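Colleague: any chance you can model this:
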Amino acid sequence: QVQLVESGGGLVQAGGSLRLSCAASGRTFTSYVMGWFRQAPGKEREFVAAISRSGSSTRYADSVKGRFTISRDNAKNTGYLQMNSLKPEDTAVYYCAAGAAIVVVSTRYDHWGQGTQVTVSS
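Modeller: Predicted structure coming up:
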């Protein structure tokens, strides 16, 4: 088992930046692929980005490509999502997740954090 705790959400103006963190505890962090998902009110949870165990491979949703960067520091058991050029449509609860493979399907991830709210004002 691994426990995940997100932080770093908040209110930001359009065009601004935020960095989300995902602190992991329990089973070895490097055992898992890490992903970020988001869910806006009234919408389904959607894939944002994922990173391999070593950090050498990443995958992004088209909607965030070029604006968001996923990374991880295995020595600190922490993952990150740097979000730049934020848009109002990025407003959502952001979740980090741990799984076995870099996939976009949320059900393939076994462990989830509680989420952190990101609100982008226009």
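
Colleague: low pLDDT regions in this protein?
Modeller: The chain contains no residues with pLDDT under 70.

Colleague: would you map the strands across it?
Modeller: For the chain, strands defined by DSSP state E occupy the ranges 2-7, 10-13, 18-26, 33-39, 46-51, 58-60, 68-73, 78-83, 92-99, 109-112, 116-121.

Colleague: would CSV of those strands with mean neighbour count be doable?
Modeller: Just so you know, the C-beta spots here come from the backbone N, C-alpha and C atoms, and that holds for glycine as well. Listed next are these as CSV, based on neighbours: other C-beta atoms under 10 Å:
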stretch, mean neighbour count
strand 2-7, 17
strand 10-13, 13
strand 18-26, 18
strand 33-39, 24
strand 46-51, 22
strand 58-60, 17
strand 68-73, 18
strand 78-83, 22
strand 92-99, 23
strand 109-112, 17
strand 116-121, 17
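
Colleague: how close does the residue most central in space within the chain get to Ala50?
Modeller: Centroid check for the chain by C-alpha atoms, centre = their mean gives Trp36 as the closest residue, at 2.5 Å. Distance, Trp36 to Ala50, by C-beta to C-beta, to the nearest Å: 7 Å.

Colleague: so what's in contact with the two at the same time?
Modeller: Both Trp36 and Ala50 are in contact with Ile70, where contact means C-beta atoms under 8 Å, 6 or more residues apart in numbering.
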